[in-house]
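> just need the structure, nothing else, for what follows:
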Amino acid sequence: MCDYASLRSPALSVPQDEFARARFCLEPDIVLYNPERHHALAALHGENLGVACLSFMAWALGWLGYAEQARQRLHAALSLAQELRHPYSLARPLLSAAILHQLWGKERSAQEYAEAIITMASERGFPVWAMFGKIMRGWALATQGEGEQGMTHIRQGFNTAALREAKALLVELV
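Predicted structure coming up:
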């Protein structure tokens, strides 16, 4: 079983050819996750472990080419986050959805998820998530023919104070 530290960003911390390892690591944790028993861990870790595992699994499956399975896990992560009413936990599956839709060439859907991240993160005061949302929105706009506007949003995302908080994640993401 994976420890929580390894679950924080398995899709970011493993090379692309190791997404299968991330999948192998996450599957038992998803099976063992018990919302009633593990709910309190969100206070300790900042987010719900079930939502995080499902989001990372969706990401791994998407990169491995299992689009339908990735969609199912993504739907499960979004549903669980909404059911739990834990806003910080909702940010991760929204970002995963934006990135997966980017991977699948669904620019408009990626933009919609990015907008949802920005709105939720701005309302709740989550600057790192808002930063990721702005970068994803910029990418989506640029790929839809709005290059100048897209680059403006990407620059805004990279110029935010949240960048300092997310530097390690950005290095791995880019």
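
> list the contacts for Val51?
Ala77, Leu80, Ala81, Leu84, His86, Ser89, Leu90, Arg92, Pro93 (C-beta atoms under 8 Å, 6 or more residues apart in numbering). For the C-beta atoms, the positions are set from N, CA and C on the backbone; glycine is no exception.

> how much space between it and Leu84?
7 Å (C-beta to C-beta, to the nearest Å).

> and stretch 97-115, what's buried?
Neighbour-count burial for stretch 97-115 flags 97-102, 106-107, 109-115 (criterion: 16 or more other C-beta atoms under 10 Å).

> among those residues, which two are most distant?
With C-beta to C-beta as the measure, no two of the buried residues of stretch 97-115 lie farther apart than Leu100 and Glu115, at 15.8 Å.

> okay, domains of this protein per the record?
Taking automatic domain parsing as the criterion, the chain consists of the domains 1-85, 105-174.

> compare the mean pLDDT across the ones you listed and name the weakest.
Lowest mean pLDDT within these: domain 1-85, at a mean of 73.

> right, and Ala52 touches Arg92 too?
Yes: with contact defined as C-beta atoms under 8 Å, Ala52 counts as touching Arg92 (5.9 Å).

> ok, and the closest non-adjacent residue to Glu27?
Met57 (7.3 Å; C-beta to C-beta, 6 or more residues apart in numbering).

> for the helix or strand harbouring that neighbour, buried residues please.
Using DSSP states H and E, Met57 sits within helix 49-64. For helix 49-64, the neighbour count (16+ other C-beta under 10 Å) marks 49-63 as buried.

> can you show me the CA trace of it as CSV?
Below are the C-alpha coordinates for helix 49-64, written out as CSV (Å, rounded to 0.1, in the frame of the first residue of the first chain):
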residue,chain,number,x,y,z
LEU,A,49,-7.6,10.8,0.3
GLY,A,50,-10.3,9.0,-1.7
VAL,A,51,-10.7,12.0,-4.0
ALA,A,52,-6.9,12.3,-4.4
CYS,A,53,-6.5,8.6,-5.2
LEU,A,54,-9.3,8.6,-7.7
SER,A,55,-8.0,11.8,-9.3
PHE,A,56,-4.5,10.5,-9.7
MET,A,57,-5.8,7.1,-10.9
ALA,A,58,-7.8,9.0,-13.6
TRP,A,59,-4.6,10.8,-14.6
ALA,A,60,-2.6,7.6,-14.8
LEU,A,61,-5.2,5.8,-16.8
GLY,A,62,-5.5,8.7,-19.2
TRP,A,63,-1.8,8.8,-19.8
LEU,A,64,-1.8,5.1,-20.3
